[in-house]
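In: Quick check, what structure comes out for this input:
(chains A, B and C, ligands or ions: 2)
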Amino acid sequence: MKFISKTLAEITSFISASIYTEKYASLNGLMQKIDARAKLVIVLAFIFLAVYTSSIWVLAFLFTIAIILSISSRISIRHYMSRVLLFIPLFTSIVAIPSIFSFITPGEGIISFFGVSITYEGVRAALFLIARVTAAVSFSILLITTTRWNELMNAMLFFKIPKIFVMIAEMSYRYIFLLLYSFQNMMLSAKSRAVSGIGATKAWKIYAPIMGAMFIKTHEMHEKVYLSMLSRGYGVEIKGNSRKMRIDIGSTAAIAAAFLTVIAVYMIL
Amino acid sequence: MNEIVMADNISYTYPNGTVAIEDISLTICRGESVAIVGPNGGGKSTLLLVLSLLLPPDKGSITFMNERIDRKKFENEAYMRKFRKRIGIVFQEPDVQLFSSTVYDDIAFAPIHFGWNEEKIKDKVNNVMKELGIEHIAERHPYELSGGEKRLATIASVMVYSPDIIFLDEPTSNLDYESKELVIKAINSMKEKRKTVVVATHDMEIIPEIAERMIVLNRRIIKDDSMDNISPEDMGAVWGKKAIKFFEFFMEQRHKN
Amino acid sequence: MHIPDGYLGPITCVVMFIIMLPVWWYAAKWAKERLSSRAIPMLAMLSSFSFVVMMFNWPVPDGTTAHMVGGTLIAIILGPWAAVIGVSVALMIQAFFFGDGGITAFGANAFNMAFVLPFAGYLMYRALLKFFNSDDVRARAIAAGVAAYIAINVAALAAAIEFGVQPYIAKGYCPYGIEVAVPAMLFAHLTTAGPVAAVVTAGVVAYIYKYRPDLMEVK
Ligand SMILES: Nc1ncnc2c1ncn2[C@@H]1O[C@H](COP(=O)(O)OP(=O)(O)OP(=O)(O)O)[C@@H](O)[C@H]1O
Ligand SMILES: [Mg+2]
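Out: Numbering: from 1, shown residues only, chains lettered A, B, ... in the order given. Ligands and ions are numbered 1, 2, ... in the order given. Got it, this is the predicted structure:
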């Protein structure tokens, strides 16, 4: 349980740090100037290229573009790098470890011990996988740090994502905090009640009702959140910062530039 | 006519069977200022939610601005939206009302959803923040605020669209004297603009300053009268003997003013 | 269970999206006609619940990650089509905010966790209640726990098959063949994520059924 309460605190601060970065979305940088719908298209184009390519150079090039774009969008490079690298590439690396060995990827051995060897092909494949994941993630993080959530939601509506999905996304995003905080309080109250060194059944008897109660309490709170949203004009349609439907020239140019880059890179490399 | 909201014999029962309010009939007129008092669990919050057209009463009916709101209208949110911009409600728990990533966004939530243009939104949001003295927290995350700052932010998020009637559920709980003054000032400025103000509160010291009429509620209406006709004994009936003295003192203050 | 970008070849990505399109379309239609407005905050909360529990994940070498999803829970409370919406939304927020689960693999991830999982869980739950021939709290809790356990493993199996076939159909993507991926994923989910899902789902279903049965949209 100690493990859980510690990770919970970490996850909470990680999520709040991530969502808190809407502060970058309101800066006056390059990506922030581009319409959310255009940005979505651009980012998807780059991600598709990252997934489609079989050249490590293309991946390196894409990662460089992402970094340049983030710098010209005034995102702190430290913040950006930690968001991109800390989570997914790290997990992918752990997941990819077995693939460097000869029993997964046979090939030319680099070193061997106890009858297994690390192969050149294996290391290459693992690095390639990690590079691909990193390149793709660097673009989704770029999108989310430079776009306000409600603008992204409006973009989704524009691309005909059904309203109910967008509405639930809108609300669920806002609820994540509340839920994490009630989780945390639950752990605290459980801690204050539980005596140390209890057995699994006893722990279950203590934690299960607390969890159930928390669930219902959180739900009751959410019902009120929903009412408070309704009372302030919330409806099925989500209004952003009243952006026009027309895409401005700058954003059109950005889409064109992005597509030209993608095509050029694909042809050349 | 002058009535803004009328309740005719309404009751509300929560899904778990708790009867929160029963057989309530009352009329609130334009420009009135009403305090709703009563013990914990007396149904104050529930009554505010029902009067602000967020919970449908399961018995009786509500008439808002001369329009009878029946069950069918209640369930049609698109239809109900025309009333939303006329009604404001500040919830008892600030956390349910603050969910954006900055205080500014929370205050701008209603104006954005009512479809105002960007200029106007900026203008009004900044004005209301100034009025409540919370400009310095505009870019902060609501979860990092103190209880009092949260309270002021929620009041701002409703005052910003200047609804005709505003319901405040314990607006001064958690506040220090300075912030309390700000809230009272805000309520009084709404009253000056001929807005209708309904406040549920346990804070006896603010009642004489903000309300002309008082409703004592304990599931049913115990008393509903102008402040001048409320005696300290009425208060004693709700809160016990201690309250009598306390209330006498504040009524004296009121008469002095 | 989140498949990242770069694990699935382009064809698999596209095929999974094509499979999911009618599912999403029908779920939206279902919600419009059948989901009561009272259930909307509940679904949003369950979606954020799913988001949060999926954040507690650990990497599975030879596979992807293991964690509970909450899809069976949503299916039991609000019905499987609501679960399609709730889990898809949670996955989408994760893909955008943390890059957890690739954007190109979104179709596949949604197929496994937002479609296969809740339907497997829901059908199992119904079948078990019928088998127990009782629907008191105890029966519901046990049925919910077992259903959640089985459903998460079915979903993990589906994910393992999807990336396990890559070495045969798309070189340069997932390096693990089926013979490696399936045992790795199943082992992790049978021993860790599965029990967690069973205990949490059983606990929450029992509590809600006992104290707030009105919240169960599916009776
Ligand atoms: N969501 C809910 N579900 C079930 N019962 C509820 C709910 N909210 C309130 N109640 C019950 O309804 C009754 C009235 O509650 P309400 O919150 O309206 O009282 P109140 O006068 O505002 O109390 P307080 O002074 O403590 O704020 C109480 O018995 C309470 O337990
Ligand atoms: Mg109350």
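In: what bits of the chain have low per-residue confidence?
Out: The chain I'm using is chain A. A:1-8, A:11, A:16-22, A:187, A:190-208, A:236-246, A:269 (pLDDT under 70).
In: actually it's chain B I care about, not the one you picked
Out: In chain B (pLDDT under 70), the answer is B:1, B:238-239, B:246, B:250, B:254-257.
In: Tell me which stretches of it form helices.
Out: Along chain B, the segments classed as helices by DSSP state H run B:44-51, B:71-75, B:77-84, B:103-113, B:118-131, B:147-159, B:177-192, B:207-210, B:232-239, B:241-256.
In: Spatially central residue for chain C, please.
Out: C:Met113 (2.9 Å; Cα atoms, centre = their mean).
In: was I right about that residue contacting C:Leu91?
Out: Yes - here C:Met113 lies in contact with C:Leu91, judged by Cβ atoms under 8 Å, at a distance of 6.4 Å. (C-beta placed from N, C-alpha, C; glycine too.)
In: now the nearest residue to A:Leu127 once chain neighbours are set aside: how far from ligand 1?
Out: The shortest distance from A:Leu127 to any non-neighbouring residue, by Cβ to Cβ, 6 or more residues apart in numbering or on different chains, is to A:Ile56 (7.9 Å). Noted for A:Ile56: a distance of 57 Å to ligand 1, by Cβ to the nearest ligand atom, to the nearest Å.
In: Name the residues contacting each of C:Met113 and C:Leu91.
Out: The contact sets of C:Met113 and C:Leu91 do not overlap (Cβ atoms under 8 Å, 6 or more residues apart in numbering or on different chains).
In: And the next helix or strand past the helix or strand containing A:Ser117?
Out: In this structure, A:Ser117 sits in strand A:116-119 according to DSSP states H and E. Next helix or strand after strand A:116-119 toward the C-terminus (DSSP H and E): helix A:120-146.
In: Quick check: which helices or strands does that next one pack against?
Out: Other helices and strands packing on helix A:120-146, by 3 or more Cβ pairs under 8 Å, 6 or more residues apart in numbering or on different chains; DSSP states H and E, are helix A:22-25, helix A:30-33, helix A:36-52, helix A:56-72, helix A:77-85, helix A:88-96, strand A:109-113, helix C:80-98.
In: Include mean neighbour count and distance to C:Ala198 when you put those into JSON lines, please.
Out: Converted to JSON lines, the helices and strands packed on helix A:120-146 look like this (neighbours: other Cβ atoms under 10 Å in any protein chain shown; distance: least, Cβ to Cβ, whole Å):
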{"stretch": "helix A:22-25", "mean neighbour count": "19", "distance to C:Ala198": "37"}
{"stretch": "helix A:30-33", "mean neighbour count": "18", "distance to C:Ala198": "44"}
{"stretch": "helix A:36-52", "mean neighbour count": "22", "distance to C:Ala198": "35"}
{"stretch": "helix A:56-72", "mean neighbour count": "18", "distance to C:Ala198": "40"}
{"stretch": "helix A:77-85", "mean neighbour count": "16", "distance to C:Ala198": "33"}
{"stretch": "helix A:88-96", "mean neighbour count": "20", "distance to C:Ala198": "24"}
{"stretch": "strand A:109-113", "mean neighbour count": "11", "distance to C:Ala198": "40"}
{"stretch": "helix C:80-98", "mean neighbour count": "26", "distance to C:Ala198": "17"}
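In: longest helix of chain C?
Out: Longest helix in chain C, counting by DSSP H: helix C:137-164.
In: Can you point out the buried residues in that one?
Out: C:139-160, C:162-164 (16 or more other Cβ atoms under 10 Å in any protein chain shown).
In: contacting residues around the closest residue to chain A within chain C?
Out: Per Cβ to the nearest Cβ, the residue of chain C with the smallest distance to chain A is C:Tyr207, at 2.4 Å. C:Tyr207 makes contact with A:208-209, A:211-213, A:215-216, according to Cβ under 8 Å, 6+ apart.
In: I figured the residue nearest to A:Leu127 was touching A:Arg132, is that so?
Out: No - the pair A:Ile56 and A:Arg132 fails to qualify as a contact (Cβ under 8 Å) at a distance of 9.0 Å.
In: if I pick the closest residue to B:Ile187 other than its chain neighbours, what's in contact with it?
Out: Closest residue in space to B:Ile187, ignoring its immediate chain neighbours: B:Ile210 at 5.0 Å, by Cβ to Cβ, 6+ apart. Applying Cβ under 8 Å, 6+ apart, one finds that B:Ile210 lies in contact with B:33, B:35, B:184, B:187-188, B:191, B:197, B:199.
In: repeat for C:Leu128
Out: C:139, C:142-143, C:146-147.
In: I'd like to know how many residues surround the closest residue to B:Ile24 other than its chain neighbours.
Out: In this structure, B:Ile24 finds its nearest non-sequential neighbour in B:Ile10, 5.1 Å apart by Cβ to Cβ, 6+ apart. Residues contacting B:Ile10 under the criterion other Cβ atoms under 10 Å in any protein chain shown number 22.
In: My guess is B:Ile10 contacts B:Pro57. True?
Out: Yes - using Cβ under 8 Å, B:Ile10 is in contact with B:Pro57, at 3.8 Å.
In: about what we covered before: the residue nearest to B:Ile187 and B:Phe83, how far apart?
Out: 24 Å (Cβ to Cβ, to the nearest Å).
In: Could you show which parts of the stretch 51-200 of chain B are in contact with ligand 2?
Out: Near ligand 2, the residues belonging to the stretch 51-200 of chain B are B:Gln92 when assessed by Cβ under 5 Å from the ion.
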